[in-house]
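# coordinates only, sequence not included:
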C-alpha cells in the first residue's frame, strides 16, 4: 500500500473533496474560515502552563530553579504570560466585536488598549491569587488523611490544578473576556474531571477530594474553607426562557457558606438554595432548598434487600435492622 | 549518580532482562511481538485530530484559514485522512484475519481493495456527518443558559468533541472495521469522561451537558434532540452467557426516543426499556422498564435527617415536610 | 500589536514582576526554589510510558517489534526504566530527608545505594506484575460482552492502563518511595477518571468497566477476580484526628473478598466493612457495614412519580406497582 494520496487520479476522491468544500460554503454554524482569528486552543493551553509555573515556581519544571536565576527566569515567564495573554485576549475581543465584520482601525486601537490593561491587571493580581491558592493547598493538607505534605498536594492533587486554572479564568471572566476563561477551565475539566465554570465565585480554602464528576455552575457562590468530594453537583433547577426567548436572569446555582462539607455524590440545586455555615451534607443527598447553619443532613438510605445466592432466601431490612 | 545504564556489569540487571524476556516467551495473551502490525494509538489519535479539523475548519488551527488557501489546505488534510485511514484500517483488518498466521498475497490484495473503499466512503460521508454535528452544536446552544455562542460550543464544550469522535467511529464500526472505532471513542473518553460505544445508534441533535461519567452502551438507540446530563448511564442489565459460552444476542441497552431529557445521575438499563418521546427523566432516577411518551419521572427522594451539630437535636422529615 | 514584551519601559509591569517575586519570598508553602530537586512530572509520565511498553510489548509502539530485534529493544527499554527510576526516586528520597536542609555526602551515598536497590527490585518484579496484569486483562475479556479480543482490551480499555500504573506505583509505595507512586496513579486518574491510591492492596483479576469516577482509597483490600463498574467509591467514613492532631491509624477503607461484583454508583465505606466472597452489590447501594459471602444486595429503589406532561395527571408508584 502506497503512502501517496491517490486523489490525483481518483475521481471519487476529487468529488469527495469538492463535496466537503461545498458543505463548508452551504452550512453556516460550524464553519470558521476567513477574517476570524479565534483564540488558539493550543496557545491557551500553553499559556495556562506558564501561569501554573508562575503560581507554583519550581514544582513542574525540568530544570532547577535557583535563587541566583529566579529573577531572570520568573521575569521571562511573566513577560511570556503578559504577551501571550494580550495576543489571545485581543483575538477573543475582536471575535466578539466583529461577528465576522471588519473593524475600523480606531476600534482596533481601542481594543489593543483594553487588552494591554487586562494583561497588566492579571499580572498585578497574581500575588493575591497565589495567596488564595496557598489557602486551597493548606485546606487539602488539613482535610485529607492520605496527604503526606504540601509538596505532594501541589505536585499530585487534581484539586489544586483545577482551582488554579479556575482562579486565573475567573479573573479574566470578571474583566469581561469572552471564550478564553471557558477554554481554560475546560482544559482542566478534561484533565481532572472537575468542571468549574469561570463565572462561579469561590473564596479561598476550597478542597475538592478526588474530584471526578464535580460540577460547579456559573452562578455558584462558595465561602471560605469549603470541602467537596467526588461527584458533587452544584447545579441549576431546570431553567426556562421568557417570552422574548432570553433565559431568566439572576442566580441559578446555590450558595455554599463558610466551612461547609459536601460528601460524594450529593446534588444541591437552585439559585435560592443556601447551605448555612459549617453544615455537613451527607453522601448522595439531593437538596433543592436551603439548610440552616450547623446542621448535618443525611439521607434515610433506601432499605436494602439481601438475597442469599446459594439457597435463594431473601431478607429485607425492616425498620429495626435498617441503619 | 550516572546517567549511563549499568547493565553491562550488573549480573542482577542482566538476569532481570532475561527474566522479562522469558516472561514474554512463556505467557501469551498480553504479548504482541512479530507479524502483527497493530494500529498505532499515536497515529489513530493524530488521525482523529485531522478529522476534527475537517469537521470544524478554522476552529482548532494555529494558522489562519483564508478563502484563498482553503481549497489547498482542506485538500491536503482530506488526503491525509484518506491515507491515514487506509494505513490503520489495513492493519486492523490484517490483525483480525491473521490472528497471528501469515496471509497470502491474494488476500492482502483483497484487504487493500476493501480498505480503499472504506476510506473513500468515509470521506464521502463527511458532509452528512457535519450536518449532524451542526444539529448537535445547535442543541447545545439551545439547551444551555451558560452557552454564549456557537463558536464557544464548538471550541470549548466536551460534548461536541466526544460526539464528533463517536460519529466518525460509528461510521467505521458500521463498515465492520475492528479495533479502530473503539480506540477513537476511548481517546475522547479519556479527554472528556464521556464513554460512548461506537456501536450505539445516535440521531442528530444530541447534547451532553458537563458529561463526566456518562456511559452510552453498545446497543443503545437514541432519537433526535435528546439531552443528557453528567453521570447518566444507558446500560445493560446483568447479562449472562448461554450454554455454548456465548453472550445472548440482541439489544442489551435502552432505546431513547425523540426529545427526551435525562437529568444528572439517572440510570436507564435493559434492551427492552424504551423511554417514550419528550419524556423527562429526573436526576438519580433508576429505571429498568419502559416509560410512555410525554411523562416526567421523578424519584420520591429519600427522607432527610437533619441533626443540629451544636445542640444535637435531630429532626426527621415526615410526610408533611418531605418535598 | 507587537510580540515583544513591553516590560523594559512599562513601570507597572516592572512593579508586577517585583510583587510576584516578593510574594515568593514572603509566603512559604507553595514555593519551591533552590536546593530541592523535586521529581519531574514530565519525566515520571515518560517513565510510566516506558513501563507500559515493558508490560505490553508491541502494543503501543510506532515501529514493529520483531523476534530478531526484541532482545535489543527490550534491553534498551529496561535500561531506560532502570536509570529513569533511579533518578526520580533519588530526588524523592532527597526531598523527604532534606526538607530543605543540605545532606552530607555519606547520606547521599546511602540514598544512592537504596535507590539502586529499589530500581533493581522493580525490574525483578516485572514478570510477576505482568502475570497479574494478564489475569486483569482476562477478567475484562470474560466480564464484558462488548469485548472482542484480548488485544482490544489491552489497546483500548482504560481499566487495564489504570491498573498497570497502579501495580507499578504500588510496588514503589511498598518500597517506601514518597511522591512518585501518587504522581503515577494521578497521571492515570487524569487519563481515565479511575482514582486508585497506590497504597491499596489489589489481588490479580480486577476489572473496572467504564471506570469514570471510581475511587479506591489508600487502605482498601481487594481479593481475586473482583469486578467494579463506573462511579463506585471504596472510601472512608469521616475520619477524625486524635488529641495530638494525628489521624487515627489503621484500615479506613473496606475489604472486598474474592469474586465480588460491585455495580455502578455503589458506595462502600469504612475500614471494618468486609464484603464476603462472591457477593454482588447492586447499583447505587450505600453500605457502611459488612455483608456475608454469597449475597446479592439491592436497594429497594425509591418510589417513582410519573406526571403526564400533556394533561398533568400524576401517578405515584404504590407497593403493588413498585418494582
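That came through fine. Worth saying up front: this structure is predicted, and the values here are computed from it rather than measured.
# run a quick neighbour tally on residue A:150.
If you count neighbours by other CB atoms under 10 Å in any protein chain shown, residue A:150 ends up with 18. In this view, the C-beta of every residue, glycine as well, is placed from N, C-alpha and C.
# quick one: it from residue A:156, how far?
For residue A:150, the distance to residue A:156 equals 11 Å [CB to CB, to the nearest Å].
# go on, residue A:122?
For residue A:122, the distance to residue A:156 equals 27 Å [CB to CB].
# residue A:189 now?
Relative to residue A:156, and taking CB to CB, residue A:189 is found at 18 Å.
# okay, and for the stretch 151-300 of chain A, where does confidence drop off?
Scanning the stretch 151-300 of chain A for pLDDT under 70 picks out A:239-243, A:245, A:247-248.
# for it, which residues are neighbours of chain C?
For the stretch 151-300 of chain A, the residues in contact with chain C (CB under 8 Å from any CB of the partner chain) are A:151-152, A:154-158, A:191-193, A:210, A:212-213, A:230-231, A:263-265, A:283-284.
# since we're on residue A:311, how many residues are nearby?
Neighbourhood size, residue A:311 [other CB under 10 Å]: 7.
# before we move on, what about residue A:290?
Neighbours of residue A:290 under the rule other CB under 10 Å: 14.
# verify the stated contact: it with residue A:270.
No: counting by CB atoms under 8 Å, residue A:270 is not a contact partner of residue A:290; they are 9.1 Å apart.
# so what's in contact with those two at the same time?
The contact sets of residue A:290 and residue A:270 do not overlap (CB atoms under 8 Å, 6 or more residues apart in numbering or on different chains).
# is chain B within reach of the strand or helix carrying residue A:48?
Using DSSP states H and E, residue A:48 maps to helix A:41-55. Yes: counting by CB under 8 Å from any CB, chain B has neighbours in helix A:41-55: A:41, A:42, A:43.
# do you know the pLDDT at the nearest residue to the first one once chain neighbours are set aside?
In space, and not counting its chain neighbours, residue A:41 is closest to residue B:60: 5.5 Å by CB to CB, 6 or more residues apart in numbering or on different chains. You'll see residue B:60 listed with a pLDDT of 74.
# burial of residue B:60, as a residue count?
Residues near residue B:60, counting by other CB under 10 Å, number 18.
# that one and residue B:54 touch, don't they?
No: using CB under 8 Å, residue B:60 is not in contact with residue B:54; the gap is 10.8 Å.
# name the helices or strands packed onto the top helix by length along chain A?
Ranked by residue count, the top helix of chain A under DSSP state H comes out as helix A:105-143. Helix A:105-143 is packed against helix A:41-55, helix A:70-98, helix A:150-156, helix A:158-174, strand A:207-209, helix C:11-26, with contacts defined by 3 or more CB pairs under 8 Å, 6 or more residues apart in numbering or on different chains; DSSP states H and E.
# go again with 10 Å.
helix A:41-55, helix A:70-98, helix A:150-156, helix A:158-174, strand A:207-209, strand A:227-229, helix C:11-26 (3 or more CB pairs under 10 Å, 6 or more residues apart in numbering or on different chains; DSSP states H and E).
# which residues are in contact with the fifth one?
The list of residues contacting strand A:207-209 from outside it, by CB atoms under 10 Å, 6 or more residues apart in numbering or on different chains, reads A:135-144, A:146-147, A:153, A:157-160, A:162-163, A:192, A:194, A:196, A:214, A:216, A:225-230, A:232, A:261-264, C:195, C:215, C:235.
# can you say which of the residues you listed are buried?
In terms of neighbour count (16 or more other CB atoms under 10 Å in any protein chain shown), the buried residues within the contacts of strand A:207-209 are A:135-141, A:143-144, A:146-147, A:153, A:157-160, A:162-163, A:192, A:194, A:196, A:214, A:216, A:225-230, A:232, A:261-264, C:195, C:215, C:235.
# buried residues in stretch A:305-316?
Buried residues in stretch A:305-316, counted by 16+ other CB under 10 Å: A:305, A:306, A:307.
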